[in-house]
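Undergrad: One predicted model, sequence on top.
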Amino acid sequence: MADWFLKFILILENSWVFILSPAIFVFYLRKDFFALRFVSITAVFFLYGTLIHDPLKNLDDGIYVYRYVVWAFNDLAWMALIAYLAIKDKVYLWQSILGQLVVLGAPILQLFRLLDRHLWDLSYSTMMYKTLLPIINIATVVVCYLPLIYLVLKKRDMTSQA
């Protein structure tokens, strides 16, 4: 196989985009463009985070400032874009609100980590950071799948009533 293709597959496997790919495919087939936009934008932000992770850590080696500011800005930019699209009626409002509530902890956690590691030179945030950030990412993926889960439950409910 082509070297670039194997590298692309490796990037997908190392990011949440791989897990979001079935949702993108299903929402496209169902022509649910509201959910498709939400999950696609989320996947793009996850992919962007994966692509800049190593270069950002190399740039920030020993400083521990830029990475947390960039990650916090990335989360805030995602939240702003999703909110804008919800206001413009391009994504589901309920999904936008739920997604923002889930992700709200991430920039707060990033900035707390910055203060904890850089300014205070403490390690209070280490376990919190390593525990809560993956939970926030998993919850974000679950929010992406909620329209599909809703459809399955709705269909199951209709068949049980018949």
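TA: That came through, no problem.
Undergrad: helices and strands around the longest helix seen in the chain, which ones?
TA: Longest helix in the chain, counting residues (DSSP state H): helix 125-161. The contact analysis (3 or more Cβ pairs under 8 Å, 6 or more residues apart in numbering; DSSP states H and E) places helix 125-161 against helix 17-30, helix 33-59, helix 93-103, helix 105-114. For glycine as for every other residue, the C-beta is placed from the backbone atoms N, C-alpha and C.
Undergrad: mean confidence for the first one?
TA: Okay, so that is helix 17-30. Here helix 17-30 scores 93 as its mean pLDDT.
Undergrad: So which elements touch it?
TA: Using 3+ Cβ pairs under 8 Å, 6+ apart, the elements in contact with helix 17-30 are helix 3-13, helix 33-59, helix 125-161.
Undergrad: Tell me which of those is the most buried.
TA: Most buried of these, by mean neighbour count (mean count of other Cβ atoms under 10 Å): helix 33-59, with a mean of 17.
Undergrad: The helix or strand following that helix: how far from the chain's middle?
TA: Elements were assigned by DSSP states H and E; along the chain past helix 33-59, the next helix or strand is helix 66-87. Distance of helix 66-87 from the chain centroid (Cα atoms, centre = their mean, to the nearest Å) equals 10 Å.
Undergrad: Mind listing what's buried along helix 66-87?
TA: Neighbour counts using 16 or more other Cβ atoms under 10 Å place 67-68, 70-72, 74-75, 78-79, 81-83, 85-86 of helix 66-87 among the buried residues.
Undergrad: Now do that helix: which elements does it pack against?
TA: Here helix 66-87 is seen to pack against helix 33-59, helix 93-103, helix 105-114 when contacts are counted using 3+ Cβ pairs under 8 Å, 6+ apart.
Undergrad: The ones you listed into a markdown table, with extra columns for mean pLDDT and distance to residue 138?
TA: Shown next, in a markdown table, are these (pLDDT from 0 to 100; distance: least, Cβ to Cβ, whole Å):
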| stretch | mean pLDDT | distance to residue 138 |
| --- | --- | --- |
| helix 33-59 | 93 | 12 |
| helix 93-103 | 97 | 9 |
| helix 105-114 | 93 | 12 |
